[in-house]
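Trainee: I need the structure of the sequence given here:
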Amino acid sequence: MSDASGPRAYDLDALRGRLLPARDGERSTSIPELADADRDLCAIALALPDGSVRSSVDGEVPFSIQSAVKPFLFALALADTDGAALARVGIEPTGEAFDAIKLESGTGRPPNPMVNAGAILTCALVDGDDPDERASRIVAGLSGFAGRRLEVDDDVAHSEHLLGDRNHALAHLMRDEGTLAVTADDAVAVYARACAVLVDAQTLAVMGATLALGGVNPVTGERAVSARIARDVVAVMATCGVYDGSGRWMRAVGVPAKSSVSGAIVLSAPGKLGAAIVSPPLDEHGTSVRGRIGAEALSDDLGLHVFG
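Mentor: Okay, the predicted model is just below:
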């Protein structure tokens, strides 16, 4: 049942209190910085069409965006290629893990932009003549979604690049298939910096709202991408954003979302709001345990399910 008070008065700290007893899940060990993340960090934020942003305790604690960056990378690639990126990456769910060593049979394309292969490719499609220019374009583009200047955690970026063996394997496979035009190391380096961009729950909620509201940032009033691109990205989030758990997510939560190994989930409720939930312990699908519980509660309490 929807909360009659609506999102402007919704008690985010009370919801956070409901999530804290959940102790299941493990932090990602893919890089040391994620393995050392605060297990007790738990934050929820909402960004509304009127530009107001609300959060619980911990809403301004920074963390690396990790895989929650993927919808925005896809959006930037679509913008910088006038939509031609749709011919370079698939949009179908895989039913497999986010880092599966798999490309589309017969095309050599990544199956969708929400898995690692797809995100590595979309990083290579944004404007820029070299890795530094592409990384700068990505940070500037993400800052447009966020409504503020974002920064990169260089230590996280270094770890991502150094320890991302499967990402390097995916990049080399795409090079071999003729899908990736830049070198494998170039592509992985740019992707590593994109994943290392620092955000907080409030910022990520604004980014989700920018997609949900047709590409216009509700805080700044500035357009980040076209309405068509925002629509296409949110559609792919709905089918592919929670990897091999996307079907279960859409049945239970019914809000397009993107999960992340940092424990962040960004949600884009079309025409309504953006939301973010952050808590590092993950389930077997790489989705925040508390984040999943909190997203279901938000959807139920605020009537956000797109099929409700």
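Trainee: When you work out contacts or count neighbours from here on, use the C-alpha atoms and nothing else.
Mentor: Noted.
Trainee: for this protein, which residue is closest to the average position?
Mentor: Relative to the mean C-alpha position of the chain, the nearest C-alpha, by CA atoms, centre = their mean, is the one of residue 68, at 1.8 Å.
Trainee: Which pLDDT does the model give that residue?
Mentor: pLDDT recorded at residue 68 is 98.
Trainee: Same check on residue 20?
Mentor: On the pLDDT scale, residue 20 is placed at 97.
Trainee: picking that back up, give me phi/psi at the residue nearest to the centre of the chain?
Mentor: phi -70, psi -10 (degrees, to the nearest 10).
Trainee: so who does it touch?
Mentor: 258-260, 264-266 (CA atoms under 8 Å, 6 or more residues apart in numbering).
Trainee: Likewise for residue 67?
Mentor: 114, 195, 258-262.
Trainee: Among the residues you listed, which lie within helices?
Mentor: Among these, the members falling in helices (DSSP state H) are residue 195.
Trainee: Quick one: the contacts of residue 68 as CSV, columns for distance to residue 151 too.
Mentor: Converted to CSV, the contacts of residue 68 look like this (distance: CA to CA, whole Å):
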residue, distance to residue 151
258, 21
259, 21
260, 18
264, 17
265, 19
266, 19
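Trainee: with those in mind, which one is nearest to residue 166?
Mentor: residue 260 (16.6 Å; CA to CA).
Trainee: Show the pLDDT at the closest one.
Mentor: 97.
Trainee: quick one: it from residue 254, how far?
Mentor: Relative to residue 254, residue 260 is positioned 18 Å away (CA to CA, to the nearest Å).
Trainee: Likewise for residue 67?
Mentor: The gap separating residue 67 from residue 254 is 20 Å, by CA to CA.
Trainee: now do residue 38
Mentor: 29 Å.
Trainee: Could you check which of these two is surrounded by more residues?
Mentor: When neighbours are counted by other CA atoms under 10 Å, residue 38 and residue 254 differ, and residue 254 comes out ahead with 23 against 12.
Trainee: now the more buried one, nearest residue through space, not along the chain?
Mentor: Spatially, and ignoring its direct neighbours in sequence, residue 254 is nearest to residue 305 (4.2 Å; CA to CA, 6 or more residues apart in numbering).
Trainee: Correct me if wrong, but that neighbour is in a strand.
Mentor: No - going by DSSP: H, G, I helix; E, B strand; the rest coil, the assignment for residue 305 is coil, not a strand.
Trainee: List the residues that contact it.
Mentor: Residue 305 neighbours (CA under 8 Å, 6+ apart): 253-255, 299.
Trainee: Can you give me the pLDDT of it?
Mentor: Predicted confidence (pLDDT) at residue 305: the value is 97.
Trainee: With the one 3 residues further on instead?
Mentor: Model confidence at residue 308, expressed as pLDDT, equals 88.
Trainee: Next, count neighbours for it.
Mentor: 9.
Trainee: Which residue, other than its chain neighbours, is closest to it?
Mentor: residue 254 (8.0 Å).
Trainee: could you point out which element follows the helix or strand where residue 207 lies?
Mentor: Per DSSP states H and E: residue 207 is located in helix 201-212. Beyond helix 201-212 in the direction of the C-terminus, DSSP H and E gives the next helix or strand as helix 227-240.
Trainee: buried stuff in the next helix or strand after that next one?
Mentor: Next helix or strand after helix 227-240 toward the C-terminus (DSSP H and E): helix 246-252. Neighbour counts over helix 246-252 (16 or more other CA atoms under 10 Å) mark 246-247, 249-250, 252 as buried.
Trainee: What of stretch 82-89?
Mentor: Within stretch 82-89, judged by 16+ other CA under 10 Å, the buried ones are 85-86, 88-89.
Trainee: Check stretch 94-112 too.
Mentor: 94, 97-98, 101-103, 108-112.
Trainee: can you check stretch 6-24 too?
Mentor: 7, 10, 12-13, 15-16, 19.
Trainee: pretty sure residue 185 contacts residue 170?
Mentor: No - with contact defined as CA atoms under 8 Å, residue 185 does not reach residue 170; the gap is 10.8 Å.
Trainee: Same drill for the two, tell me which one is more crowded.
Mentor: residue 170 (25 against 15).
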